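Enquirer: Generate coordinates for the sequence data below:
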Amino acid sequence: MSLIDVIMSRRSVRSYSKKKISKKFLKKILEAGRQAPSASNVQPWHFIVLTDSEIKAKLSQGRWNTFVKDSAFTIVGCRYIGDSYGRKWSTIDTTIALQNMVIAAWALGIGSCWIGDFKQKEVKELLNIPDDWRVVSLISFGYPAELPDNSSKKPLTEIIGYNTF
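Expert: Predicted coordinates for the structure are as follows:
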């Protein structure tokens, strides 16, 4: 599949098979994140890879994140806020790195889902995240147990403006 085909076919996967993900594939996914661009190449991110079933179960208690417990692994993307530079750019930089991981995973046949349903304070306490770091997002990963249908997207004419809104 071409990169464009990978991007165009990627869907959020919330139902995972029990199939294990190899260390080789996990490393490729993480490496895709590491290679992401960041403002002034500061790389203001830290990623926590969750494979422990008890931790994943604790993070599956929300209304929209119950599938985290079934993931092969979940990545917690954290951004540094300990200086003015990090407070300004680290959300964008960390999100770019996480999206690289999502696209790399899909190219390897591994599904994922962005998760915004978490409580910052609880996640930080559970995972011992320092005070000068914030969680941007959780992303669950695993081989899809089923593939979601293509969701309809708005036409470009509704979401694109040229030279003005």
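Enquirer: Can you check the pLDDT for G86?
Expert: What the model reports for G86 is a pLDDT of 87.
Enquirer: Not counting sequence-adjacent ones, nearest residue to it?
Expert: Of all residues not flanking G86 in the chain, Y80 sits nearest, at 4.1 Å (C-beta to C-beta, 6 or more residues apart in numbering). (Each C-beta comes from the backbone N, C-alpha and C, glycine too.)
Enquirer: That neighbour and I29: what is the separation?
Expert: Per C-beta to C-beta, to the nearest Å, Y80 is found 21 Å from I29.
Enquirer: if I look at V68, how far off is K121?
Expert: As judged by C-beta to C-beta, V68 and K121 stand 18 Å apart.
Enquirer: Have a look at Y80 and I29 and say which one is more surrounded.
Expert: Using other C-beta atoms under 10 Å as the criterion, Y80 and I29 rank with I29 on top: 27 against 21.
Enquirer: which residues sit against the strand or helix carrying A57?
Expert: According to DSSP states H and E, A57 maps onto helix 53-58. Contacts to helix 53-58, defined as C-beta atoms under 8 Å, 6 or more residues apart in numbering, come from residues 50, 68-69, 71, 74, 126-127.
Enquirer: Would you format those residues as JSON lines with distance to K19 and pLDDT included?
Expert: Output for the contacts of helix 53-58, formatted as JSON lines (distance: C-beta to C-beta, whole Å; pLDDT from 0 to 100):
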{"residue": "L50", "distance to K19": "18", "pLDDT": "98"}
{"residue": "V68", "distance to K19": "17", "pLDDT": "97"}
{"residue": "K69", "distance to K19": "16", "pLDDT": "97"}
{"residue": "S71", "distance to K19": "12", "pLDDT": "98"}
{"residue": "T74", "distance to K19": "16", "pLDDT": "98"}
{"residue": "L126", "distance to K19": "26", "pLDDT": "98"}
{"residue": "L127", "distance to K19": "26", "pLDDT": "98"}
